[in-house]
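Visitor: Need a 3D model of the sequence below.
(one chain, ligands or ions: 2)
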Amino acid sequence: MYRMIYGDLTFGSKQSGRPPSTNLSLLSTIAMGASSAAFPSNSTPKPAQIWWSNAFFFTYVHLAALVGVYFYPPAAISRANLVLAFISWQISVFGITIGYHRLYSHRAFRASVGVRVALAAMGSSGFQGSIKVRCLRHRLHHRFTDDPVHDPYAATRGLLFSHMGWIFFKPTYEKMELVDREDLDNDPVVRFQHKHYVPIALSTGFIIPSLFGCLWGEPLPAFVWGGLVARILIWHCTFLVNSLAHWDGLQPYSDEDTSRGTLILAILTGGEGSHNFQHTFPHDFRSGPSILSWDPSKWIIKLLHSFGLVSGLRRARERDMNEAKSYMAHKDKFGVPPPEYVNSELDDDDEDFSSGSGFSSVDDSGTQSEEGEGDSSGYRSAGSVTSTSSTLRTRSSSSKSSQSGGKWQVWTRKDVEEYVGKKPGRCVVLIGKWVVDVTSYLGEHPAGAAILRKYSYKSGSAISKEDQSPDATWAFEGGLNNHSRAAVKNMKELRVARYHRKEGNEE
Ligand SMILES: [Zn+2]
Ligand SMILES: [Zn+2]
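Guide: Ligands and ions are numbered 1, 2, ... in the order given. You can find the predicted model right below:
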């Protein structure tokens, strides 16, 4: 029981300094869509041990609830017990959706200490492990969605497994080391709740509902309905987000993974019905972005915001949402992605580059964010290898600093070094054959700024040497996170130059 309600952070083998290689190309990510077919890990899950303590507790609560309802059916007890069950269930629901999920797993907003304490207590009653355990596991789900090995409740392993089968097996979480946990470790509320999770969960999930029953002289029926039955409701409603939401419903924003959305799910989960949106824009404090979306969690967050109790509400950019929707609408209508997504320039000019014949299909349709423009305006690479290819073209009139006359400049390590050194705090990552200035994106990055800094070019470092890893290609292409089409597009907009990787390495 202890491990069931406490969770488990067992790690598998540690990651070596160099991540595993992947055959996944950015182009295939963009053009093919389904990420389940595009995972670095092609292996099948190893046979797992039964997690007896989990299995016992989970089964016991179900059986106890059945017996309890048999002896205290709704018709034979005070209505107050049924109201208590509903309230107790909803408290757990919002503790999980607002607290565990949107605040802690995705950092979709910031909250005062009082709100964090309340959400931690409410979420504890959901009996899904401490905030730390549950959030790290959920981050793993987002990073490796559908991967049969690394997604803790991969939908690709079947509806039953994704719903509750995973609970019965001891996990190893081999990729857990890659998941950012600093924010969780630094939060005293999270630390306290993790340390004292068992008594907090038992108190909020079973003892307090029973004590409420004393008010109307029915502590035992209150325990059955406000404790046992409400636990089963919160469990299965939450689990539906892992199972049904990856099984049936609409995909208006992305078909890169199995996530989907349904109204029934939204009603049962306090508004977590638009799971397709959630996977596409996980840092958004809303699950349903539309005013018509059933999303009580969003309404509560807005209410707390109006009282000044929460701040920093994050939203996906309107333009990104519209583009995601139009992509899917096009694909639904014609069966293929829009042409601009098929002919991505991220990979298809490799041959041109290596052959020295220039860069074809360089096509930047994005615009730099305001900060980014200011950050790089006027900069010109000194002494860089500038492309002279007549085949190079661009659509963008608001071109990047290193685009000269519609041509991308090609930078060596020296140029990157100079660019980074021009402004303190500038954050540049090298992805594939691109130099990407992510300074303006630090605050927006769903996984936080720290991870971008970690993989950014450090002044004086040797690019692409295995003992230092300033090259973000692996991390971006699915090693660290399976970046969505929207993320790829955002990245493209932040490029400042081509990177002459070979020559840079030689320096
Ligand atoms: Zn999911
Ligand atoms: Zn999520």
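
Visitor: So R102 is in contact with D295, correct?
Guide: No: R102 sits out of contact with D295 when judged by C-beta atoms under 8 Å, with a separation of 10.4 Å. From N, CA and C alone the C-beta is placed, and that goes for glycine too.

Visitor: More neighbours: these two, which one.
Guide: When R102 and D295 are compared on other C-beta atoms under 10 Å, the one with more neighbours turns out to be R102, at 29 against 25.

Visitor: picking up where we left off before, hey, what's in contact with both of R102 and D295?
Guide: In the contact map built from C-beta atoms under 8 Å, 6 or more residues apart in numbering, the residues linked to both R102 and D295 are S287.

Visitor: Point out where the protein drops to low pLDDT.
Guide: Applying pLDDT under 70 to the chain flags the ranges 1-43, 342-406, 459-470, 478-482, 501-507.

Visitor: just the strands in the stretch 401-507 of the chain please.
Guide: 403-404, 407-411, 428-431, 434-437, 495-499 (DSSP state E, counting those that start in this stretch).

Visitor: Any idea how far the fourth one is from the middle of the chain?
Guide: Distance, stretch centre to chain centre, for strand 434-437: 23 Å (C-alpha atoms, centre = their mean, to the nearest Å).

Visitor: my guess is G312 meets S112, correct?
Guide: No: contact between G312 and S112 fails when scored by C-beta under 8 Å: they sit 11.6 Å apart.

Visitor: for this structure, which helix is longest?
Guide: helix 52-71 (DSSP state H).

Visitor: Leaving out chain neighbours, which residue sits closest to the residue most central in space within the chain?
Guide: Closest to where the C-alpha atoms of the chain average out (C-alpha atoms, centre = their mean) is H142, at 4.1 Å. With C-beta to C-beta, 6 or more residues apart in numbering as the criterion, H142 has its nearest non-adjacent residue at 5.6 Å, and that residue is P282.

Visitor: Okay, buried residues for the helix or strand hosting W235 please.
Guide: In this structure, W235 sits in helix 230-242 according to DSSP states H and E. Residues 230-235, 237-242 are the ones in helix 230-242 that count as buried (16 or more other C-beta atoms under 10 Å).

Visitor: Distance to E477 for these - can I get that in JSON lines?
Guide: Written out in JSON lines, the entries for those read as follows (distance: C-beta to C-beta, whole Å):
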{"residue": "A230", "distance to E477": "43"}
{"residue": "R231", "distance to E477": "41"}
{"residue": "I232", "distance to E477": "41"}
{"residue": "L233", "distance to E477": "40"}
{"residue": "I234", "distance to E477": "37"}
{"residue": "W235", "distance to E477": "36"}
{"residue": "C237", "distance to E477": "35"}
{"residue": "T238", "distance to E477": "31"}
{"residue": "F239", "distance to E477": "31"}
{"residue": "L240", "distance to E477": "32"}
{"residue": "V241", "distance to E477": "27"}
{"residue": "N242", "distance to E477": "26"}
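
Visitor: which one of these is nearest P424?
Guide: When the buried residues of helix 230-242 are ranked by distance to P424 (C-beta to C-beta), V241 comes first, at 42.7 Å.

Visitor: How about the secondary structure of the residue nearest to the closest one when sequence neighbours are not counted?
Guide: The spatial neighbour of V241 that comes closest, neighbours along the chain excluded (C-beta to C-beta, 6+ apart), is E272 at 5.4 Å. Here E272 takes the coil state, with states given by DSSP: H, G, I helix; E, B strand; the rest coil.

Visitor: Burial check on E272, number of neighbours?
Guide: Applying other C-beta under 10 Å, we find 27 residues neighbouring E272.

Visitor: Same check on H330?
Guide: 16.

Visitor: these two touch, right, it and P338?
Guide: Yes: if you go by C-beta under 8 Å, H330 and P338 touch, sitting 4.6 Å apart.

Visitor: Break this protein down into its domains, please.
Guide: The record's domain split for the chain, according to automatic domain parsing, is 2-7+48-318, 344-506.

Visitor: of all those, which lies closest to S326?
Guide: When the domains of the chain are ranked by proximity to S326, the top entry is domain 2-7+48-318, at 10.3 Å, counting by C-beta to C-beta.

Visitor: where along the stretch 201-350 of the chain do the helices fall?
Guide: In the stretch 201-350 of the chain, the segments counted as helices under DSSP state H, counting those that start in this stretch are 208-215, 219-222, 230-242, 263-268, 275-280, 296-306, 318-334, 339-342, 350-355.

Visitor: Select, out of the ones you listed, the one closest to A472.
Guide: Each of these has some distance to A472 by C-beta to C-beta; the shortest is helix 350-355, at 17.5 Å.

Visitor: if we can go back for a sec, turn the strands of the stretch 401-507 of the chain into TSV, columns for distance to A450 and mean neighbour count.
Guide: TSV is the format used below for those (distance: least, C-beta to C-beta, whole Å; neighbours: other C-beta atoms under 10 Å):
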stretch	distance to A450	mean neighbour count
strand 403-404	30	18
strand 407-411	25	25
strand 428-431	13	25
strand 434-437	17	26
strand 495-499	22	27
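
Visitor: Any idea which of those strands gets closest to S92?
Guide: Ranking those by their distance to S92 (criterion: C-beta to C-beta) puts strand 428-431 first, at 39.9 Å.

Visitor: sorry, back to before: for the residue nearest to V241, give its distance to G312.
Guide: Counting by C-beta to C-beta, to the nearest Å, the gap between E272 and G312 amounts to 21 Å.

Visitor: hmm, back to that, after whatever helix or strand the residue nearest to the centre of the chain lives in, which helix or strand is next?
Guide: Under the assignment given by DSSP H and E, the secondary-structure element containing H142 is helix 131-143. Stepping forward along the backbone from helix 131-143, the first helix or strand reached (DSSP H and E) is helix 159-163.

Visitor: So which residues make contact with the very next helix or strand once past that following helix?
Guide: Along the chain past helix 159-163, the next helix or strand (assigned with DSSP H and E) turns out to be helix 182-186. Taking C-beta under 8 Å, 6+ apart as the criterion, the residues outside helix 182-186 that touch it are 104, 107, 131-132, 135-136, 190-191, 448, 450.

Visitor: Just the endpoints, please. Distance across stretch 263-278?
Guide: One end of stretch 263-278 to the other measures 14 Å (C-alpha to C-alpha, to the nearest Å).
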